[in-house]
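Asker: Make a model of this:
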Amino acid sequence: MMRIKTLLTIICCSLLMSCYAQLPTDSTAEKMVVYQLGNGGWPKQLEDKSVVNYGAAITPELLEKIKSTNDKHATFDNRATSREVVYLVKAYKKTQNKTYLKAAEKGLDYILVAQYANGGWPQYYPDQSLYRSEITYNDDAMINVLNILQDIATQSNDFEVVNADYIKKAEKAVAKGIDCILKTQVKQNGLLTIWGAQYDKDSLLPAKARAFEPPSLSTSESVGIVRFLMRIPHPSQEIKTAIASALKWFDTYKIAGYRFERERNKTAALIADDTSIVWARFYDLNKNVPIFGDRDNTIKSKLEELSPERRNGYAWYGNWAQKLIEKEYPKWLASNGQ
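Answerer: Here you go, the predicted model:
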């Protein structure tokens, strides 16, 4: 009898191992699992500054570089961590390979622990050096994270597959994040405007990042913030006011009749175009006029005053808010009113 039980156990284990071996895999998800750091986050680049490239084969040499990358490289910059969590959730839903869901949920744990008590997220966690500890809207870092948590809270965009225990955690984190957003919307003489790209984590005042990224009103990031706020069901009056104020600012300070050209081997410039509307990337916090930062920490008032490298190496203008003004906001307003 004992021999029969042992034989059955061996057969069952073999079948389970066989089933696992036959689980569909996703080549990109497989690499993301390898790149994930011990604290659950992902780097945007490795210890030796190599940029993470999921299209590249993981050679023994690359694997060694990945393994030697410290947890301090975990970040939300350049969509790191947020893109992996989103991809892994979708890969799990497609393949039912639980390895991907486990990695995604470990990433969610990292996201939740990285949030400040005031509701903001830093650019990096746990690294606090330079501007990495600042609350970072730049390149949509914080908004990418909040969109994931809102997906969990609303059980949408495939995030219904994650453990239900994350729902309450996500709801709480989103509420804190919205509170931070509302507190950091810049006021001028008592009037709400838009947001800066990054903020001091303690004072909640707009802060400087790289030499060419001064404390300022930041249009691209503010569009992302408004879009996130418009996702919130049954928005409070405070949220409605924040959205309406931002849209009013965008409409007031649009630059009509120009487009920004930054083609290869050409000098970046504003070009007259009656069909186009643009906004500068950065505006002075008080005067609402475009400003431009250079590598030497100087702030210029004209694009033409920048060094060639910076003039041609940054998106100083864009049509970021055009679709928001013309289509998205009117649609949201029709459903939510003021």
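
Asker: which residues in the chain form strands?
Answerer: Along the chain, the segments classed as strands by DSSP state E run 135-136, 187-188, 191-192, 198-199, 217-218, 255-261, 269-280, 282-283, 292-293, 299-300, 317-318.

Asker: where's the fifth one relative to the chain centroid, distance-wise?
Answerer: Averaging C-alpha positions (C-alpha atoms, centre = their mean, to the nearest Å) puts strand 217-218 16 Å from its chain's average.

Asker: That one pairs with which strands, parallel or anti?
Answerer: Its sheet considered, strand 217-218 pairs with strand 282-283 (antiparallel) by DSSP bridges.

Asker: so how far is the strand it pairs with off the chain centroid?
Answerer: With C-alpha atoms, centre = their mean, you get 20 Å for strand 282-283.

Asker: wait, L204 sits on N118?
Answerer: Yes - contact criterion C-beta atoms under 8 Å: L204 and N118 qualify, at 7.0 Å. Where C-beta positions appear, they are placed from N, C-alpha and C, glycine not excepted.

Asker: and for those two, which residues touch both?
Answerer: Contact with both L204 and N118 is made by residues I135, C180, K183, according to C-beta atoms under 8 Å, 6 or more residues apart in numbering.

Asker: can you list those in JSON lines and add neighbour count, pLDDT and distance to K90?
Answerer: Listed next are those as JSON lines, based on neighbours: other C-beta atoms under 10 Å; pLDDT from 0 to 100; distance: C-beta to C-beta, whole Å:
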{"residue": "I135", "neighbour count": "27", "pLDDT": "98", "distance to K90": "28"}
{"residue": "C180", "neighbour count": "22", "pLDDT": "98", "distance to K90": "28"}
{"residue": "K183", "neighbour count": "12", "pLDDT": "98", "distance to K90": "33"}
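
Asker: Rounded mean pLDDT for stretch 246-253, please.
Answerer: Across stretch 246-253, the average pLDDT comes to 98.

Asker: Buried residues in it, which are they?
Answerer: A246, L247, W249, F250, Y253 (16 or more other C-beta atoms under 10 Å).

Asker: As JSON lines, these with distance to H73 would be great.
Answerer: JSON lines is the format used below for the buried residues of stretch 246-253 (distance: C-beta to C-beta, whole Å):
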{"residue": "A246", "distance to H73": "33"}
{"residue": "L247", "distance to H73": "38"}
{"residue": "W249", "distance to H73": "36"}
{"residue": "F250", "distance to H73": "35"}
{"residue": "Y253", "distance to H73": "37"}
